[in-house]
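> here's a sequence, model it:
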Amino acid sequence: MNKKTLGILGGVGPLATMYLGEMIVRRTGAACDQDHVNMVITNNTDIPDRTEYILDRSKPDPVPVIISDTERLAAAGAELIAIPCNTAHTFYNEISSASPVPVLNMIEETIARGERDGARTLGILATDGTIASEVYQEACLRRGIEPILPSPDIQRDVMSVIYDHIKAGRPADPAVWDRIDRHMAEKNCDRIILGCTELSVVKQELTLGDRYLDSLRVLAEAAIEACGHRLKE
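Sure thing, here's the model as predicted:
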């Protein structure tokens, strides 16, 4: 397969963008610099908040800015784009149809990984916007997998971890996460999707176990292979 240059459409959020780039480097089976994935990265922090717009359409629309960034990345040489934001995938069809180059689908890749792992039920931890858009729920149901959502109280905890901690530059609160973890364990999910890229940062900070399915890692590995490189064993 010909090697492709990857564009990372970042700033959604900034730390997750940098973490994706690092994860791609660490997960590529490379013996030297030249074996790694060529990447072009934007970190456009002017992209409006995706959840705000999903919940209130009077808020600024992030989609035109995201589409503009696909054009910037393509102009810089990107042949394939990864967007490290689950919530942005609510608008995947609109973005991908307008993008000059293909865009990886983080949601579909993550559910496909869960299916390959044999999961019949998948817990979903994500922003209010992602939950409201039902992109994960619908992707699960298309594959015959039961999606399991947290209670409203625990969903508030999830949003607090995402917005009050990681996006605010603060470490995740272990006590809050323990409450989330125990709640989802009681629901007997086969796997639990970390369906927000800020939660992928939490996985690293708190060393979460393998029952958590990290959507950012799934995206990283899909990008490596789609760009014609091999994964590290």
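> pLDDT on stretch 30-45, on average?
Mean pLDDT, stretch 30-45: 98.
> buried ones in the least confident helix or strand in the chain by mean pLDDT, by neighbour count?
Using mean pLDDT, DSSP states H and E, the weakest-scoring helix or strand in the chain turns out to be helix 197-206, at a mean of 94. Of all the residues in helix 197-206, those buried under the rule 16 or more other Cβ atoms under 10 Å are Thr197, Glu198, Leu199, Ser200, Val201, Val202, Lys203, Leu206. Bear in mind the C-beta positions are built from the backbone N, C-alpha and C, glycine included.
> correct me, but the fifth one touches Gly13?
It stands for Val201. No - at 9.0 Å, Val201 does not count as touching Gly13 under the criterion of Cβ atoms under 8 Å.
> okay, and the common contacts of the two?
Applying Cβ atoms under 8 Å, 6 or more residues apart in numbering, one finds that Val201 and Gly13 are jointly contacted by Ile166.
> surely Phe122 is within a strand?
To be clear, residue 122 is Leu; Phe isn't right here. Yes - counting by DSSP: H, G, I helix; E, B strand; the rest coil, Leu122 is located in a strand.
> and the next helix or strand past the least confident helix or strand of the chain?
Scanning forward in sequence from helix 197-206 by DSSP states H and E, the next helix or strand is strand 212-214.
> who does that following strand pair up with?
strand 191-194 (parallel) (DSSP bridges).
> give me the residues contacting the least confident helix or strand of the chain.
Under the criterion Cβ under 8 Å, 6+ apart, residues 12-13, 15-16, 19-20, 84-86, 125-126, 158, 161-162, 166-167, 171-172, 174, 177, 194, 208, 212, 214-217 lie in contact with helix 197-206.
> just the buried subset of these, please.
Looks like these have 12-13, 15-16, 19-20, 84-86, 125-126, 158, 161-162, 166-167, 172, 177, 194, 208, 212, 214-217 buried, using 16+ other Cβ under 10 Å.
> let's see which of those residues end up in helices.
Leu15, Ala16, Tyr19, Leu20, Val158, Trp177, Ser215, Leu216, Arg217 (DSSP state H).
> those: which two are farthest apart?
Leu20 and Trp177 (21.3 Å; Cβ to Cβ).
> any chance of the buried residues of helix 197-206 in CSV, with distance to Arg57 too?
As requested, the buried residues of helix 197-206 are exported to CSV (distance: Cβ to Cβ, whole Å):
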residue, distance to Arg57
Thr197, 23
Glu198, 23
Leu199, 25
Ser200, 28
Val201, 29
Val202, 29
Lys203, 32
Leu206, 35
